[in-house]
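Visitor: Following is a predicted model, sequence given first.
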Amino acid sequence: MQAIKEVVKHARAFSSVPAHFDRKVAVLGAAGGIGQPLSLLMKLSPYVSELALYDIAGTPGVAADVSHINSKATVKGYAGEDQLGEALKGADVVIIPAGVPRKPGMTRDDLFKINAGIVRALVEACGKHCPKALLNIISNPVNSTVPIAAETLKRLGVYDEKRVLGVTTLDVVRAKTFYAEKAGLDVSKVDVPVVGGHAGVTILPLFSQAVPNAANKLSEADIDALTKRTQDGGTEVVQAKAGKGSATLSMAYAGALFADACLRGLNGDPDVVECTYVASTITEVPFFSSKVKLGKNGVEQIYGLGSLNDYEAAGLKAMLPELRSSIEKGIAFAKGE
């Protein structure tokens, strides 16, 4: 219900977007478990004038279904490698949820073996057909697929670190939800920054910086439990679905929220700040998720971590070796090493 309210709120707030702010959005992997609800949500966006839905198969049916929704975006489905270039041509934002979902017992490292090649091929097509687009990378493991995307675009000579963004919004969505439930707060008024990466211990919610601050309501044990639940949110859903799926609906919602933020930044909104996994120098690893300001050229400013308490500082220190390993693995794959 909260997701629907959020979408409706944005739709009402921006129902009279000027025509020159219309944008083309491409969804790569649009027929999948994340891609279908994500395509639906992007069809509702008042910023989107053209929605290109691509997958290896099944997209014409998804596109026909979504196209019947009475919002302004025109929709076209593309299927197969020979239609990928046309899907990407002129895109302002490309959202990439393509890949296999995580199954019970499957680690994010297992996912890497399958999804890395998919992401490399799709990003290579983006580099050739829409090199100025903002790439929103959802395909897991994000800690590795974003470096893969960067190296792929470097090889093509079109890399712009401001335009390659790993979508970590679901971690923020979960942290807000869990924190609000535990502290008895209105979730619509809660903000919790989440930094690091997008897997296990590399996910670090900064509850000490949460707004509103509920320090008087939550114990250290509560914070530890909330942190671990945020880190293990994906596993919680996989187990609840008993091997029949992963976090598709919540991920689609988070992906749509982040894409909407990118579109607002492109259109000149001066106050778009989101957490995202990008090339960064705020820590000792070359890619890191933190709050960034989004604008007409993608990432305009990367914000520091702010003041961390002892628990968070320990979490940051503990995550860095794993995050570095994932980054190096992605770079090595992209280079064929």
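Guide: That came in fine, so what should we check first? Quick caveat, the model's predicted, so the values are computed rather than measured.
Visitor: Please give me every residue in contact with the closest residue to residue 34 other than its chain neighbours.
Guide: If you skip the residues right next to it in sequence, residue 34 has residue 97 as its closest partner in space, 4.0 Å away by C-beta to C-beta, 6 or more residues apart in numbering. Any C-beta I mention is one placed from the backbone N, CA and C, and that applies to glycine too. Residue 97 is in contact with 27-29, 32, 34-35, 38, 138-139, 251-252, 255, counting by C-beta atoms under 8 Å, 6 or more residues apart in numbering.
Visitor: Which one of the residues you listed is nearest to residue 72?
Guide: Closest to residue 72 out of those is residue 27 (16.9 Å), distances taken as C-beta to C-beta.
Visitor: Which is the succeeding secondary structure element to the host helix or strand of the closest one?
Guide: Residue 27 belongs to strand 23-28 when assigned by DSSP states H and E. For strand 23-28, the following helix or strand on the C-terminal side (DSSP H and E) is helix 35-43.
Visitor: how far is that next one from where the chain is centred?
Guide: On the basis of C-alpha atoms, centre = their mean, to the nearest Å, helix 35-43 sits 14 Å off its chain's mean C-alpha point.
Visitor: Sheet partners, orientation included, of the next helix or strand after that helix?
Guide: Using DSSP H and E, the helix or strand that directly follows helix 35-43 along the chain is strand 48-55. Partner strands for strand 48-55, per DSSP bridges, with pairing direction: strand 23-28 (parallel), strand 74-79 (parallel).
Visitor: For residue 286, find the nearest of the ones you listed.
Guide: With respect to residue 286, and counting by C-beta to C-beta, the nearest of these is strand 23-28 at 24.6 Å.
Visitor: now the closest one: mean pLDDT?
Guide: Confidence for strand 23-28, expressed as mean pLDDT, is 98.
Visitor: ok, and what's touching the helix ranked longest in the chain?
Guide: Assignment by DSSP state H gives helix 310-334 as the longest helix of the chain. Where contact means C-beta under 8 Å, 6+ apart, the residues beyond helix 310-334 that reach it are 112, 116, 120, 141, 143-148, 150-152, 155, 195-197, 199-202, 204, 206, 208, 220, 223-224, 227, 283-288, 305, 308.
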